[in-house]
Each structure stands twice: as C-alpha cells, then as structure tokens.
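[1] Sequence plus the predicted model coming up.
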Amino acid sequence: MSYVEDMGPGTGALPPRAFFRSDAPSLPLDGTWQFRLDNGDWGPITVPGHWQLQGHGSPAYTNVVYPFPVEPPFVPSENPTGDYRLEFDLPAHWPDEPAALRFEGIDSCGRVWLNDVELGVTRGSRLPTEFEVGHLLRASGNVLAVRVHQWSSGSYLEDQDMWWLSGIFRSVTLLSRPRGGVADYQLHASYDHVSGLGTLSVDGGMITVPELDVHDLLPGKSVSVPVEPWSAESPRLYDGVVHTAVENVPVRIGFRTVAIEDGVLTVNGAPIVFRGVNRHEHHPRSGRAVPPEVALADVLLMKRHNVNAVRTSHYPPDPRFLSLCDEYGLWVIDECDLETHGFEKLGWEGNPSDDQRWADAYLDRMRRMVERDKNHPSIVLWSLGNESHTGRNLAAMAEWTRDRDPSRPVHYEGDFDCEYVDVHSRMYASHEEVDSIGREHRHGKPFVLCEFAHAMGNGPGGMLEYRELFERYRHVQGGFIWEWIDHGLEKDGQFLYGGDFGEPLHDGNFVIDGLVFPDRTPSPGLVEFAKVFEPVRISGSGSAIQVANMYDHVSLEHLRFEWVYEVDGVEVASGGLEVPPVAAGQVAEVARPELPAAPGEGWLTVRASLASPTSWADAGHVLGWGQIPVTGPAPVTPISAVELVGIGDALWLGPGEFDPATGLLTRFGEYQVTGPRLDLWRAPTDNDRGSDHPDERAWREAGLHRLQHRVAEVDAEENTLVVRTRVAPPAKGFGMLADYTWTADGDRLRLRLDVTPDGEWPCTLPRLGLRLALPGELDAVEWFGLGPGEAYADSRQAARVGRFESTVDAMQTPYVFPQENGNRADARWVRIGAIEIRGEPVFDFTVRRWTSEDLDAARHTADLEAREHVYLNLDLAQHGLGTASCGPGVLPQYRLHAQKASFSLTFQHLDSV
Ligand code: IPT
C-alpha cells in the first residue's frame, strides 16, 4: 500500500502548536512556483491556489457521494498528481537555528522534500503541517519539492459538500525557531462576571500586558485584574507579548468564560443566542484559497448584517479569519476537518468513525485544530466535524478535547443521543420539532441548530418563526443559517455549478445555497436575516414606542435613534428620539413624537443606527428599525361608470380597448397591451423543488405550468364588460372559473377578478393573480408599498412601507440558478410609464423582460434574454418560500390554496390626470 492510502495521519511533522508570528525571522514562500500535472510539462502556478482553477484538470462538485468507488482506504489509480517546485534563497542574516517549514493547507496529500531530503507526508487538507528543516537550509539555491495527490485515504474523511479542489491552497512559510524561543503557548484568560476580574495565565513563555500593568508574568502563574470582558458584541482585546529571552510573540487577549449552567450555554454569565451562519471558504475565482482581504470582507458583511456567529463548516478556516473574528466580534464554532457523509449511502457500513484503524487520523485532526486555534477568544465551541455518523473515534476526539481544553464545550451534531457532546445540536429540524425540543429540554443540554434555513436560491422562508423559538426557550440558543456563500465558480462572466465542468457525477446547483452571491453581493436572504435578527427591536402601540435591546451583553448606548414621518410615502416630518439606557434583554418605552396632521396613509419609521463609527461600519449604519402605522389611506374616488362603445371590431371602455372575441384588453391609452389574464404559475424556486416537500412536482403533475384559457362568454353590457373564463390544465378535470368585470370612467379602468375553483384541486397554487404584457420600452418603475427589495409571504420582514423607484432590470434578483424572484409586496400603487395601477387595498407585483416560463426553462442567468415585452404580474398572493431545498417546507399559514377569491385593481392613465 502506498503512503497515499495509509490510514494514519501524515508522517514526519512537528507536534502541532499555536499558529503565530513572532519577531523571529520568517520567509513567506507564497508566489509563483513551478508545476506539472501527471508528469506533463512544467509551467508556473500560483501558491496558494488550486490547480483545477489554474488551467489543470477541472473542478467537480458532489454533495454526499464520493466521486470514486468506496473501498477505504483505496483511491483510484488514476489519481491526479501535481508536482510543485520552488527554488529560494534565504534572506541575509538568516540565523543558524532550527526552522519550521509550515504548510497551512495541502489538498489532499502532499509528500515534501527539501534539498532532496524527504521531510514527510501531509494529510488533513485544511490543517497545518510543520516540518523541521533548519539543518537542511542553505544560504541560496534551496529546492523545495512537493508532490500533491488529489485523492488519498484522507479523502474518505473529507467528504464535505463542496467542490473537489486540489493543491497547495493555503500559505507556505519558513519560520526560524530560535533555541530558547516560544515553542508554543496557551493563553488562559477568563472573566468573572461577578467580581469583574479577568484572570490571566500563560503556558509556554512569560507574558506582558502593559495596559493591565502585567509584566513578565511567569508561565503557570496567574494574575487577576479588573478588565473589560470580550464578547462578540464588545470584542475588547488587550495587546500583550508572550516572550522568552530570545523571542517575542505579539498576542491579543480577550477575557471571557464559556460555561454551561443549568443546561444553558453562557458567556460571562449571560446566555448567548447564535444568530449565525455556516461559512465555507470560497472565492469565485480562487476557490478555497481565500485572500485575507476577502476574509475581512466576509467579516464586515456579517457584522453589517447583524450576524453574530460563524460555524466554520466543515473544517478549520484560514487562521487569519479567526483573528478577524476576535477583532471584530463573532462567536465561533471551530469545526474539525472531518466528514464521511458518503458512507450514509452505504448504510454507514465501513464508516471510519467507528473503525479503530482510523483512530489516529481522527485524533490527529482534532489535535491539529485545537492546538492551532486554542488562543482565539472568539472560539466558544469545538466541533468534531460534520455528518460522520457516530463511533468510538469521535468519542475519543471529544474526550481528548475536553481534557486538553476544559474551557470550551464540545459540539457534534451527529451524536444524536448526546453521548459525548456537551451541546445538543440538530440540523434542519422543523419549527415544530424545535418547539418540542424546547418544551422537553431534551438531554438537559443547550440546544443549537448547527444548520437551519437553507439559503438556496430564493429564500429561506420562515426565519422569523425560528427566531420566535430562540426567544421562547432559554436553552434553545439560536443557530447557523446554511450557508454564507454560493460556491459558484466564475467563468466568462457567469457563475457555474455542479455539472458545468462535465463531471459525470454531480449535485448540480446544490452548491449554490448561500446568503451572499458568489461575488459576495448580499442576496435578499441576507437582508431578511439582518432584519429578523436585528439587535434592537422597535415597535409601537398607541402613543408609545417600545425599544427592545436584543443583545445578550451590551446596552444600546452606542446607538442613536431617529424618526421620520411619511404620508403616502412622502416625508412630512422627522427628528431625533431620546431613548433612555436599555440594558441587554430589557425594553424601554418612549412617547411617540408629536406628528403633523396630514391626509393619507401615515407611517412613522424609527431607526437605530451607530452613533459613531466602529471598525466594521460607519456612523449612521442602521442596525434596527420599526414602522408604526399612524393614519389610514385617504378614500379613493369611486369609478363613475362610463358607457361601453363598440367601434368596428373593437370595444372601448374609458381608456381601454378590448378584443370582443377574447375579452382581453388590447390597448390602454397609447400602449398596446395583452392582457391581464389569470396566472397561477411561477418559475419554481429551489425550495419549491425541495425533495421532501415537493410542491413543484405536484404543480407540474397538475399541469399548472401549461394552463389553458377558455373564454366562455364576453358580455358587453351598458357600462360593464364581463368576461367569463375557465382556466384549466390539459388532461385534468379541475380548473378555475375566472370572471373579469371591467368598468371605467374618463381615464380609469377598474377590473374585478373573481376566481372560483371548479372541481377538486390536488395541490397548492404557486401564485394567484394576473399577467399583463406591456411594451418593451417601459423601464422606470415607481411604487408605494413594501420595498425596496423583494418580499414573499414568509420572508418580508426586511421590506418597509415606502415609496420606491427602480427599473425593470434592477428589479431582477440574479439568483445563480434562475427562478421566481423580484416580487414587491403590498403595493398600494405602481407606476410604469404612464400607467398607474392601484390596489384595493394592496397587491403584489413582479415585472420582467421575460416570462415565468422563460425563467423556468433557464439554467444560468445568461439564458435569460429580453423579449419585446415587459411582463407585469399583479398578484393577490403567492405561495410562501419555505426552506424545503433542505428542511421544512412552507409553514401552513403561508401556503396558498385554491379557493374562492376576489381581487380588484384600477388602471389609470396618468397623462390625462
Ligand atoms: C447538510 C450538510 O451538513 C451540509 O454540509 C450541506 O450539505 C447541507 O446539508 C445541505 O446544503 S447534510 C443534509 C443531509 C441535511
């Protein structure tokens, strides 16, 4: 058996230790190396990076299944193998001391030589390996050679849901390790919330923290001093130096104590709630080689969207990311590089987790993570890995970890019975199940959803209802959205997903399931997250405004409050709001400001924003807001009926011209239109397509994507046009009776639509509304309703009542896999060109240059081409979104059923106002 298939950890490495940089010399070896794949020609390659993203071979995506036969530890003989080579000289004055050659990540197995001497073999792709090389170094002409194999025994332990990408994808550094220097160090920095004292000690060197007046504290000794604690909400760090006579390591210390008290996870004595995301390392061009500035971009985006926690799914991230979490403030579950999910397909037969032969490899992975990351205050839980079922090797990892670092509890979702974990964790549990876990306080442990609300495509729906559960039970302590980013790979201006590289086995767009698009543009899901999980909640009742502090630790002192009063979406007054101090978890009540009387629909909007700039956002950045209704809409003038006129082949009613045969509107003022006809179809979302809750299958089976319209009667009365139709799918007996009743006055047309199900409907409806084709020149859109972004029944917290302007193109949400998007909810009116449409009282609308059928057929955004019309959907309702692409479907209250309904709209021609 070759070293590639050896089941043990790698060979030849130095013992794992903390990741740090000291004042000892070091030499970064990142940059251009020489490379060849499978003994091909040598050429340049960038390290860190993946060879598949630099012109050699291609990426492949599978979620659960291994892309090779499952016969552990063997891997295919056709095993893509890359040879890397770098020549380097030492900088002047490089000391004659031991030195470590550090690889931060090689995927999946690397054999390393320096100056023709073999150093050893690495395994554990997302974990560091160091080799002792001091004795091999020369002043110049050092030759570093690494042979990297795409597949190894390690691949069996690295079956995470992501692209298979190989190579030296994290940094390589040569570090001088002076004799008598800091070999490794461990900080212990706890916080006693009763006394307000932080207790500091360090192993591995002396420590000096000038700000705390701590100088040369000896290893093993401790000191207790008054400190400000560290939390994700107030990430106070103290700069210090761990030192020996010959080496200084700058450190940043955060004092905090993680505990489980009465089955509740606390930090510094207060229970915490994870409002978190699962973060894979991904960049649309460089894959899991994520540059530090991109990691920072993630942290800033998270902080600005009220994300307070990250689970590093499903491997330890680049350690620089953890330093950013310390600095900016994010709770972290650091997860080990371990997943054997593909064995599930084999009934877990042969799963490494319970096979003694893999014991060392499991423990080695955990040790390398814990030792590397132990000094980060942001890490509050250690996670053993993901989806690896159960077994002795996992139990051993947990036991070792608890012993090595008693300061942090252990997490692993797969241990359903909580035999060796400290935290009860589940993924995708429905609201109902979370509620019962809450009621029963199952296992008596803190409960977290390590994955919930699958952010694939349009959605997730139902986040608000999860939040309510997090607030209902003290020990239901939040969760982590699956997931942070769409793993689309960019090519020719498009984002590609599974199958786009010709992979014979793949899981399609299941890799496109993030809150941000591949280029990190926030998707509507992230905007909704920010609102649902806002740290300050503002509501109103009567003449009072309630301000609730939803933080776990800090007060609202850093915020300023402002209000604006808008009538019919137009600002009429504004001002500042004095809010008394509100401690974490408390609510303050303040009087509503005096508001001017003005006719129309009046809304008071109160915003809480940063009073001064922080490291992650400017002053004025809004963290929470609420809207309070003040006055209702002014009454509309009723239609004073005009008469129908027949001219030649056409029927005229006010500003509208109708086809007497079909009863369809063909012209409105100067616009040629085709229209409004009953529409029940939407381009299914990923969540509609979800496997366990197959709304889409039922809809297609029912034929809702190919409804036919039969005009039963066009009844032109004196001043009313009544068009009776029956709309139904081919081959089926059920259908919908749809009656259109038109009346008009000089420049207005009023339509009442009455729908009545005919026969037994077998399924829910994607939407219930009307579709109208308008001339393609129309572009500018203005509306008064919910906005500015899209909103759906179960994902609409982020939309506020206001007056908004946009364009047809800008109103499309470019989901990587095209699907229903862009719905604007609760419009009172919308204006497109000179057409104004008013609801009674409100309606939803979408407007696009292609049809729902085009959207349904498209597989990539580039498939969507503008037609010559603009299609306007005017809906009474749409089915909710849910999160059935992985998890529960649409909650009952957001499901759209076929039932009797009426819906009225008034079309007004504005030029004639
Ligand atoms: C769960 C995985 O943990 C995660 O990696 C991802 O694949 C997610 O699903 C879906 O995108 S596992 C699933 C069987 C619940």
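    Alright, I've got the coordinates.

[2] Can you pull the domain assignment for this protein?
    Domain ranges of the chain: 2-176, 186-257, 259-531, 535-631, 646-912, per automatic domain parsing.

[3] tell me the mean pLDDT over the last one?
    Right, domain 646-912. The average pLDDT for domain 646-912 rounds to 96.

[4] With stretch 288-305 instead?
    98.

[5] next one: stretch 464-475
    Mean predicted confidence for stretch 464-475 is 98.

[6] So which of the domains of the chain is nearest Ser640?
    When the domains of the chain are compared by CB to CB, domain 646-912 sits nearest Ser640, at 4.9 Å. The way it works is simple: take the backbone N, C-alpha and C, and place the C-beta from them, glycine included.

[7] Let me have the domains of the chain in CSV, extended by mean neighbour count and distance to the ligand.
    Below are the domains of the chain laid out as CSV (neighbours: other CB atoms under 10 Å; distance: least, CB to the nearest ligand atom, whole Å):
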stretch, mean neighbour count, distance to the ligand
domain 2-176, 19, 3
domain 186-257, 18, 23
domain 259-531, 21, 5
domain 535-631, 16, 26
domain 646-912, 19, 4
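
[8] Of all these, which one comes closest to Thr637?
    Per CB to CB, nearest to Thr637 of these: domain 646-912, 8.8 Å.

[9] Off-centre distance for the closest one?
    29 Å (CA atoms, centre = their mean, to the nearest Å).

[10] And for the helix or strand containing Thr906, what's in contact with it?
    Assessed by DSSP states H and E, Thr906 sits inside strand 901-909. For strand 901-909, the external contacting residues (CB atoms under 8 Å, 6 or more residues apart in numbering) are 636, 639, 655-656, 668-669, 676, 747-755, 768-770, 834-840, 843, 874, 876.

[11] just checking, what packs against the top helix by length along the chain?
    Longest helix in the chain by number of residues (criterion: DSSP state H): helix 359-373. Applying 3 or more CB pairs under 8 Å, 6 or more residues apart in numbering; DSSP states H and E, we find helix 359-373 packed against helix 319-328, strand 379-383, helix 392-404.

[12] Columns mean pLDDT on top of those, output as CSV?
    Formatted as CSV, the helices and strands packed on helix 359-373 follow (pLDDT from 0 to 100):
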stretch, mean pLDDT
helix 319-328, 98
strand 379-383, 99
helix 392-404, 98
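
[13] rewinding a little: so the longest helix of the chain versus helix 392-404, what angle?
    30 degrees (axes from the mean of the first three to the mean of the last three CA atoms, to 10 degrees).

[14] Measure how the longest strand along the chain sits relative to strand 901-909, angle-wise.
    For the chain, the longest strand by residue count, based on DSSP state E, is strand 835-848. For strand 835-848 against strand 901-909, the angle by the same axes, to 10 degrees is 110 degrees.

[15] residue ranges for the strands of the stretch 401-550 of the chain, please.
    For the stretch 401-550 of the chain, applying DSSP state E, counting those that start in this stretch gives strands covering 410-411, 424-427, 447-452, 476-481, 489-491, 494-496, 536-541, 544-549.

[16] If you could redo that for the stretch 801-913 of the chain, that was the one I meant.
    Using DSSP E, counting those that start in this stretch, strands in the stretch 801-913 of the chain cover 824-832, 835-848, 869-878, 901-909.

[17] partner strands of the strand holding Thr906, parallel or antiparallel?
    strand 748-758 (antiparallel), strand 835-848 (antiparallel) (DSSP bridges).

[18] For it, list the C-alpha coordinates in PDB.
    Provided in PDB are the C-alpha atoms of strand 901-909 (Å, rounded to 0.1, in the frame of the first residue of the first chain):
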ATOM      1  CA  ALA A 901     -61.200  34.900  -4.100                       C
ATOM      2  CA  SER A 902     -61.800  38.400  -5.500                       C
ATOM      3  CA  PHE A 903     -59.200  40.900  -6.400                       C
ATOM      4  CA  SER A 904     -59.700  44.400  -7.700                       C
ATOM      5  CA  LEU A 905     -57.300  46.800  -9.500                       C
ATOM      6  CA  THR A 906     -57.800  50.200 -11.000                       C
ATOM      7  CA  PHE A 907     -55.700  51.200 -14.100                       C
ATOM      8  CA  GLN A 908     -55.300  54.900 -14.600                       C
ATOM      9  CA  HIS A 909     -53.700  56.700 -17.500                       C
END
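
[19] can you give me the angle it makes with strand 824-832?
    Using the same axes, to 10 degrees: strand 901-909 against strand 824-832 is 30 degrees.

[20] What lies in contact with the one helix or strand Val223 maps to?
    Element membership for Val223, per DSSP H and E: strand 222-226. Strand 222-226 is contacted from outside by 188, 192, 195-201, 212-214, 217, using CB under 8 Å, 6+ apart.

[21] rerun at 7 Å
    For strand 222-226, contacts defined as CB atoms under 7 Å, 6 or more residues apart in numbering pick out Gly196, Leu197, Gly198, Thr199, Leu200, Ser201, Leu212, Val214, Leu217.

[22] so who does Arg17 touch?
    Ala183, Asp184, Glu371 are the contacts of Arg17 under CB under 7 Å, 6+ apart.

[23] Dump those into a markdown table; add pLDDT as well.
    Shown next, in a markdown table, are the contacts of Arg17 (pLDDT from 0 to 100):
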| residue | pLDDT |
| --- | --- |
| Ala183 | 97 |
| Asp184 | 98 |
| Glu371 | 98 |
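
[24] Do I have it right that Leu874 meets Leu770?
    Yes - under the criterion of CB atoms under 7 Å, Leu874 makes contact with Leu770 at 4.8 Å.

[25] what's the overlap in contacts for those two?
    Pro676.

[26] quick one, helices of the chain?
    Under DSSP H, the chain gives helices at 292-304, 319-328, 359-373, 392-404, 431-440, 463-472, 524-532, 695-702, 852-857.

[27] In a markdown table, list those helices along with distance to Thr266.
    As requested, the helices of the chain are arranged in a markdown table below (distance: least, CB to CB, whole Å):
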| stretch | distance to Thr266 |
| --- | --- |
| helix 292-304 | 22 |
| helix 319-328 | 19 |
| helix 359-373 | 21 |
| helix 392-404 | 18 |
| helix 431-440 | 17 |
| helix 463-472 | 15 |
| helix 524-532 | 23 |
| helix 695-702 | 41 |
| helix 852-857 | 48 |
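
[28] Which of the helices and strands packed on helix 359-373 sits closest to Ser523?
    Comparing the helices and strands packed on helix 359-373 under CB to CB, the one sitting nearest is helix 319-328, at 21.1 Å.

[29] gap between the closest one and the chain center?
    For helix 319-328, the distance to the chain centre is 19 Å (CA atoms, centre = their mean).

[30] Alpha carbons of stretch 35-43, as CSV, please.
    C-alpha atoms of stretch 35-43 as CSV (Å, rounded to 0.1, in the frame of the first residue of the first chain):
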residue,chain,number,x,y,z
PHE,A,35,4.1,23.0,-11.5
ARG,A,36,3.3,20.0,-13.6
LEU,A,37,0.3,17.7,-13.6
ASP,A,38,0.7,14.0,-14.1
ASN,A,39,4.2,14.3,-15.4
GLY,A,40,3.2,16.9,-18.0
ASP,A,41,5.2,20.0,-18.9
TRP,A,42,6.4,22.3,-16.2
GLY,A,43,4.9,25.8,-16.0
